[in-house]
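Novice: Quick check, what structure comes out for this input:
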Amino acid sequence: MNFQVTAQYLQHYFPAKQLNHEWIAENLKLDLGHTQLLRDCFKDWETDERLLALLFCLVNQINQGSLCLELHDADFQQYIREMGIDEPIEVEQCEQWSRYKLKDKPVLICENGAVYFAKYWQTKHNLAQSLQKLLKNYSGPVFNAEQIGKVTQEVVSELTFDSIENKQILAIVVSLLQPFSIISGGPGTGKTTIMSSVLRGLIKLGYQPQDIIMAAPTGRAANRMTESLHDVLSNHIEPLNEADKQLMTASAMTIHRLLGSHPYRGGFDHGLHNPLNCQVLVVDEVSMVDVMLMKQLLQSVPKDCRVLLLGDQFQLPSVESGAVLADLMPPLGMDAFVSQNMQQQLSQALQGFSAKETILKPLIVTREPQLLTDKVTVLDVSKRCQPDIAASGELIRRGDSEGVVSSTHWQPFELKKLGMPGVFHLPAIVDYTSWLSFCQNWVKHHYFADGSAFKQSISQLRGFDEHQLGDYKQLFNDMFNAINSNRILTLLNQSVLGSQIINESLAEMMRTQLGSKGRQNLFHGSVIMLQKNDATLQLFNGDIGVLLETKGGQLRVVLPFKNNYQSHSIHVIPAFKSAYAMTVHKSQGSEFEHVLMPLLPDGQHRLMTRELIYTGMTRAKKSVLLVGDEQAFKTAIQRQTKRHTGLRFWYN
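Specialist: Now for the predicted structure:
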């Protein structure tokens, strides 16, 4: 149970302070641990109301995912006025306060107009230092533009796709030229295809498949990374050589596992003084990596190791502190800037491509290269999403809420349009029962319409033999195709608009439709999502499976596993819940044909943000239906997640 910091609590422990305790408790996100730290500090420090107000605001920022408090931030200035502080807080005053100590150790650090707790400043400083050191001290192989041009032509010619975008070619060349590179792009822009091409190019340049390590922030993301690489190699490369077959045996792992995390006693096996043993490191879903973990990862990279980071900078930031990928990316419009040396290398490397001039034309030579200039490529052409979804996602990314709702992409929803491609909107369904009934009908359509391959598969799999999973592969394929065709994505777990209540209602409906006996979500044909990792069983938080009844009458879960399937007794698998609906946070990295997304009625709610709506909408490939107040939606699009970190990779 979370401890609630109340106005009474603040008044009790800071009795001499004439601040507006009620406003502070209601509007700032405070926690017991940080509040107790402030109590300890004020036993020894002077009782300056301005300092206390600043510290409350700093704690609020930390609990919102920031590392620091920016003194010039308009919200901060407004907050201290609301607390009852009329006099502005200047940088010089903060520098004086930063001299205070607790048990002979500094608590606050003031730098570049921002205030940090010392431990967060140290993490930020270590991350920046590690990145600079990594870029400066690289000692591994480097290749000239002529070599890279030749290899790029080879790997591109071996892709069986109808076409490859110019930015994708650029990303391959940049990632082969640069020992450290970043590829960012929205869903369906081909990040995995480019990753596989870069890895194949490095192997052609002399690296071995065993030199390569792939990692992601979660077990589910690592699994998807592995599956995506295998899919490209298996289905989109001709001819497949021996090195490609070896590369197909590679498996991504979680960053925590890679670094040798010790969750109970703390710490990692790998770090500054014990680097990893690899020559190529690829990390996917970097938007989900927090600043503490990225610091540890960069400190663990050996000097001769190449690094490739992948992600979507506009997705939700990490659950924990920081916005690492957003900090690493250039400001909008600066991604086309290159150094003069890089322009010359690209010109030479692209000699054999007919699109050479088209690729080079948008690039602008800068006289002031930044730390990460020449190392970043932004992919912007989506081949996965239906055009209306892609166009709406781009408008949301820009914060153009009026443009979204006034465009031809924004269509009012009618029942006859159910399952049709596009972006649809339905005003909020106020009645509790009607809303759950609507969810049931939406799911029922996607699971049971058109002859229902799902229902037929579930019927034929009743009494399956868990020892002969290979005999049922086609039925499993049909079953999971239906499951992955649709998902309800919510902003909350709780409330009638949250995943828990919606799932309870849908599980009951599904059990009735399938004619299965059981209770809650324990029945033949129940779709579930794991809630914990079990590395021994190769099961991960977020994995989707189906409960099926064996010929012995027992329930087992069947889950996809490395282009095949695995099965486990429900008595040995980690905790699970129904998966007809899930939160947008849980859906990151996934894709579905159709998405139903209920919005919250309050556009100012902390979860109604541009990043969250963008992430949810762009999970859909064919259709997305937004249910909620249009004005609340427009307000949310204007609300961009602010995370202050003090990291300045793109400013000298």
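
Novice: For residue 76, which three-state class applies?
Specialist: Residue 76 falls in the helix class when you classify it by DSSP: H, G, I helix; E, B strand; the rest coil.

Novice: Was I right to think it contacts residue 60?
Specialist: No - Residue 76 is not in contact with residue 60 according to CB atoms under 8 Å; the separation is 9.4 Å. Glycine gets a C-beta too; all of them are placed from N, C-alpha and C.

Novice: Give me the below-cutoff pLDDT ranges for this protein.
Specialist: 1-3, 16, 46-47, 652 (pLDDT under 70).

Novice: Quick check, central residue of it?
Specialist: residue 288 (4.0 Å; CA atoms, centre = their mean).

Novice: Find the residue closest to that one in space, skipping its chain neighbours.
Specialist: Nearest residue to residue 288, sequence neighbours excluded (CB to CB, 6 or more residues apart in numbering): residue 217, at 4.3 Å.

Novice: What of residue 347?
Specialist: residue 360 is the one closest to residue 347 (CB to CB, 6+ apart), at 6.3 Å.

Novice: can I assume residue 80 sits in a helix?
Specialist: Yes - assigned with three-state DSSP, residue 80 falls within a helix.

Novice: For the stretch 351-500 of the chain, just list every one of the helices.
Specialist: For the stretch 351-500 of the chain, the helices defined by DSSP state H, counting those that start in this stretch occupy 356-360, 387-398, 401-406, 432-448, 453-461, 473-483, 499-514.

Novice: Any chance of those in JSON lines with distance to residue 225 as columns?
Specialist: Below are the helices of the stretch 351-500 of the chain laid out as JSON lines (distance: least, CB to CB, whole Å):
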{"stretch": "helix 356-360", "distance to residue 225": "27"}
{"stretch": "helix 387-398", "distance to residue 225": "22"}
{"stretch": "helix 401-406", "distance to residue 225": "31"}
{"stretch": "helix 432-448", "distance to residue 225": "27"}
{"stretch": "helix 453-461", "distance to residue 225": "27"}
{"stretch": "helix 473-483", "distance to residue 225": "19"}
{"stretch": "helix 499-514", "distance to residue 225": "25"}
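
Novice: For residue 384, see how far away the nearest residue to residue 237 once chain neighbours are set aside is.
Specialist: Of all residues not flanking residue 237 in the chain, residue 158 sits nearest, at 5.5 Å (CB to CB, 6+ apart). For residue 158, the distance to residue 384 equals 22 Å [CB to CB, to the nearest Å].

Novice: mind checking how far the residue nearest to residue 347 is from residue 379?
Specialist: Distance from residue 360 to residue 379, by CB to CB: 17 Å.

Novice: ditto for residue 349
Specialist: From residue 349 to residue 379 the distance is 18 Å (CB to CB).

Novice: what's the answer for residue 646, then?
Specialist: From residue 646 to residue 379 the distance is 28 Å (CB to CB).

Novice: In CSV, could you pull the C-alpha coordinates for the helix or strand encompassing residue 295?
Specialist: Element membership for residue 295, per DSSP states H and E: helix 291-300. Written as CSV, here are the backbone C-alpha positions of helix 291-300 (Å, rounded to 0.1, in the frame of the first residue of the first chain):
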residue,chain,number,x,y,z
VAL,A,291,18.9,6.8,-17.3
MET,A,292,20.2,4.6,-14.5
LEU,A,293,20.3,1.5,-16.7
MET,A,294,21.7,3.3,-19.7
LYS,A,295,24.5,4.6,-17.6
GLN,A,296,25.3,1.1,-16.4
LEU,A,297,25.1,-0.2,-20.0
LEU,A,298,27.4,2.4,-21.5
GLN,A,299,30.0,1.9,-18.7
SER,A,300,30.0,-1.8,-19.6
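
Novice: can you list contacts of that helix?
Specialist: 67, 123-124, 126-127, 130-131, 134, 215, 217, 255-256, 258-259, 268, 270-272, 274-276, 283, 286, 289, 318, 320-322, 324, 645 (CB atoms under 8 Å, 6 or more residues apart in numbering).

Novice: what's the following helix or strand after it?
Specialist: strand 306-311.

Novice: Okay, now the sheet partners of the helix or strand hosting residue 596, with direction.
Specialist: According to DSSP H and E, residue 596 maps onto strand 592-598. Taking DSSP bridges as the criterion, strand 592-598 forms sheet pairs with strand 486-490 (parallel), strand 620-627 (parallel).

Novice: Please name the nearest non-neighbouring residue to residue 228.
Specialist: residue 192 (4.1 Å).

Novice: Now do the SS call for that neighbour.
Specialist: helix.

Novice: on that earlier part again, would you mind getting the angle between the strand holding residue 596 and helix 473-483?
Specialist: 30 degrees (axes from the mean of the first three to the mean of the last three CA atoms, to 10 degrees).

Novice: what's the following helix or strand after strand 592-598?
Specialist: Downstream of strand 592-598 (by DSSP H and E), the next one is helix 610-617.

Novice: Run the chain-centre distance for that next one.
Specialist: 11 Å (CA atoms, centre = their mean, to the nearest Å).

Novice: Could you list every helix and strand in contact with that helix?
Specialist: With contacts defined as 3 or more CB pairs under 8 Å, 6 or more residues apart in numbering; DSSP states H and E, helix 610-617 has these neighbours: helix 387-398, helix 584-587, strand 592-598, strand 620-627, helix 630-638.

Novice: residues in contact with the residue nearest to residue 237?
Specialist: Contacts of residue 158 (CB under 8 Å, 6+ apart): 200, 237, 238, 239.

Novice: Return the subset of the residues you listed lying in strands.
Specialist: Assignment to strands by DSSP state E places none of these there.

Novice: so which of those is the most crowded?
Specialist: residue 200 (24 neighbours; other CB atoms under 10 Å).

Novice: number of nearby residues for residue 140?
Specialist: 14.

Novice: So it versus residue 303, what's the distance?
Specialist: Residue 140 is 7 Å from residue 303, where distance means CB to CB.

Novice: Quick one: neighbours of residue 240, just the number.
Specialist: 13.

Novice: Just list the residues touching it, thanks.
Specialist: Listed by CB under 8 Å, 6+ apart, the contact partners of residue 240 are residue 233.

Novice: just checking, next helix/strand downstream of the helix or strand where residue 124 lies?
Specialist: Taking DSSP H and E as the criterion, residue 124 maps to helix 118-136. Using DSSP H and E, the next helix or strand after helix 118-136 towards the C-terminus is helix 145-157.

Novice: next structured bit after that next one?
Specialist: helix 166-177.

Novice: list the helices and strands that following helix packs on?
Specialist: Helix 166-177 packs on helix 145-157, strand 180-185, helix 191-204, helix 340-349, helix 356-360, strand 376-379, going by 3+ CB pairs under 8 Å, 6+ apart.

Novice: now the angle from that helix to helix 340-349?
Specialist: 110 degrees.

Novice: Buried residues, stretch 459-473. List them.
Specialist: Within stretch 459-473, the residues that count as buried by 16 or more other CB atoms under 10 Å are 461, 464, 466, 469, 472.
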